[in-house]
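Trainee: please work out how this folds:
(one chain, ligands or ions: 1)
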Amino acid sequence: MLQASGLTKEFKGFVAVNNVDLTVERGTIHALIGPNGAGKTTCFNLLTKFLQPTRGTITYDGRDITSLSAADIARLGLVRSFQISAVFDDLTVLENVRIAMQRRRGDSYDFWRSEVLLAQYDDEARGYVESVGLGDFLNHRAAELSYGRKRALEIATTLALEPDMLLLDEPMAGMAQADVDRISALIKRISEGRTILMVEHNLSVVANLSDRITVLARGEVLAEGDYDTVSKSPEVIDAYIGAGHD
Ligand SMILES: Nc1ncnc2c1ncn2[C@@H]1O[C@H](COP(=O)(O)OP(=O)(O)OP(=O)(O)O)[C@@H](O)[C@H]1O
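Mentor: From the prediction side, this is the model:
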């Protein structure tokens with residue numbers, strides 16, 4: 001589904017990502033992990049087109065996307081979530097999802113549309129809200145939601161864009177354990193029929209959710225495989241002990 005080859009990013013001579021080859025198979029949950037400073041965020045930003053690579057190519061669903069913009073790839077169904085919050089605090093849960101749907105349909109932020117037109121979106125929007133377990137909060141302002149529920153709402157707004165592939169940047173960052181469990185279950189559920197690549201620090205989440213894991217260290221791929229394989233790799237253990245991880 002998503003393939004990077006020879007992906008390299010240099011910042012003024014410092015090589016943050018070095019010749020990375022990565023293949024994310026269709027229909028899998030793939031995690032990108034590694035100690036601090038390994039290059040995960042840079043790699044993620046390259047794959048989501050927030051950064052342009054110094055060298056290398058990226059293909060998505062058989063198509064070269066190396067020189068496309070983040071907006072272009074979103075239209076192709078490759079959508080990034082989490083780091084940039086798509087949630088507007090002063091709008092209700094339902095209104096937030098409705099706006100995401102308007103974006104998908106190219107209506108952009110057309111706040112002048114009549115209530116009658118907007119109401120056409122409601123049934124579908126309600127479906128997305130219910131699919132992330134927020135059915136009881138439809139008319140609550142986003143600001144009133146707990147942190148974990150806000151994250152669930154972000155997922156609903158992302159699903160409203162009808163992505164084939166989701167790129168999640170540290171979906172569990174800053175979450176209490178109860179929310180971690182709930183969002184883990186939600187990610188598992190929304191992975192059906194979709195492909196997911198996530199950067200995640202919480203290794204028990206990675207162990208639970210991922211079909212495949214790529215470990216980065218010092219900008220390079222150190223190991224790849226399922227959790228059992230990579231967690232037993234002496235190079236991976238050394239890299240984590242050497243750099244410390246959070
Ligand atoms: N814009 C930039 N300019 C210069 N150096 C950068 C830039 N962005 C990242 N780096 C460097 O590239 C290296 C990799 O950083 P990156 O943030 O990708 O690592 P990471 O694996 O996401 O780390 P963490 O787990 O701490 O978030 C680091 O040494 C960082 O200082």
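Trainee: E162 against G77, yeah?
Mentor: Yes: using CB atoms under 8 Å, E162 is in contact with G77, at 7.0 Å. Using the backbone N, CA and C atoms, a C-beta is placed for each residue, glycine as well.
Trainee: who has more neighbours out of these two?
Mentor: Between E162 and G77, counted using other CB atoms under 10 Å, the more crowded position is G77 (17 against 13).
Trainee: quick one, domains of the chain?
Mentor: 1-77+163-246, 86-162 (automatic domain parsing).
Trainee: helices and strands of this protein: which one bottoms out on pLDDT?
Mentor: One helix or strand of the chain scores below all others by mean pLDDT, DSSP states H and E: helix 115-119, with a mean of 70.
Trainee: any idea which helix or strand comes after that one?
Mentor: helix 122-131 (DSSP states H and E).
Trainee: check which residues of the helix or strand following that following helix are buried.
Mentor: Downstream of helix 122-131, the first helix or strand assigned by DSSP H and E is helix 147-159. For helix 147-159, the neighbour count (16 or more other CB atoms under 10 Å) marks G148, R149, K150, R151, A152, L153, E154, I155, A156, T157, T158, L159 as buried.
Trainee: give me the element the closest residue to T23 other than its chain neighbours is part of.
Mentor: Leaving aside its sequence neighbours, T23 sits nearest to Q3 (CB to CB, 6 or more residues apart in numbering; 5.0 Å). In the assignment (DSSP H and E), Q3 maps to strand 2-11.
Trainee: tell me the residues of this structure that contact the ligand?
Mentor: F11, F14, A16, G34, N36, G37, A38, G39, K40, T41, T42 (CB under 6 Å from any ligand atom).
Trainee: rerun that using 5 Å as the cut-off
Mentor: When proximity is defined as CB under 5 Å from any ligand atom, the chain approaches the ligand at F11, A16, N36, G37, A38, G39, K40, T41, T42.
Trainee: that'll do, ta.
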